[in-house]
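# Got a sequence here, can you build the structure:
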Amino acid sequence: MKLSQVFSSLLSAENQAVGNVNAAKNEAERLRKKSRESFEDDRRTALDAARAAARARFDDAKQSGEKEALDILSSGESERRKITELFEKNVDKIMTSIVNEVAEACAARVRGAKEKAGAV
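Okay, here's the model as predicted:
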């Protein structure tokens, strides 16, 4: 084999190696880009799912809170009605009791005033 043939073979091998390296670089870049896009898609999908789950939890909590508030309001209204009915039912007794208390207090003051006047 002649030296020129050896050099020619070496140059050819070097050119092929450079081509292989460039092809490998291109393939690596393509795979890196594809992996990054896949990761971004997966991340976007996971974020969308997390947002949907958070929205569902928020909506459930909001509905539960609104239902509880309505239940409390209804219960309060029911209690107010019962107290009003009880008062209306017993208003005469209550007024009589108040009048008697006031009358007894006035009578006690009058008795106290008479006793002071008699003692002087």
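# tell me which element the residue nearest the centre of the chain is part of?
Residue closest to the mean C-alpha point of the chain, counted by C-alpha atoms, centre = their mean, is Phe58 at 5.2 Å. According to DSSP states H and E, Phe58 maps onto helix 3-119.
# where does this structure dip in pLDDT?
Residues of the chain meeting the criterion pLDDT under 70: 1, 119-120.
# how about a cut-off of 90?
1-15, 78, 87-88, 90-91, 93-94, 107-120 (pLDDT under 90).
# re earlier: which elements pack onto the helix holding Phe58?
Packed against helix 3-119, as judged by 3 or more C-beta pairs under 8 Å, 6 or more residues apart in numbering; DSSP states H and E, are no other helices or strands. C-beta coordinates here come from the backbone N, C-alpha and C atoms, glycine included.
# if I read this right, Phe87 contacts Ile94, doesn't it?
Yes - look at Phe87 against Ile94 with C-beta atoms under 8 Å: they come within range, at 7.4 Å.
# and for those two, which residues touch both?
Shared contacts of Phe87 and Ile94, defined by C-beta atoms under 8 Å, 6 or more residues apart in numbering, are absent.
# which of the residues in stretch 79-93 are buried?
Under the neighbour-count criterion of 16 or more other C-beta atoms under 10 Å, stretch 79-93 has nothing buried.
# hmm, who's touching that stretch?
Ile94.
# Kindly report the same for stretch 65-75.
So stretch 65-75 is contacted by nothing (C-beta under 8 Å, 6+ apart).
# what's the distance between that stretch and the middle of its chain?
How far stretch 65-75 lies from its chain's middle: 18 Å, per C-alpha atoms, centre = their mean, to the nearest Å.
# Please apply the same query to stretch 58-65.
8 Å.
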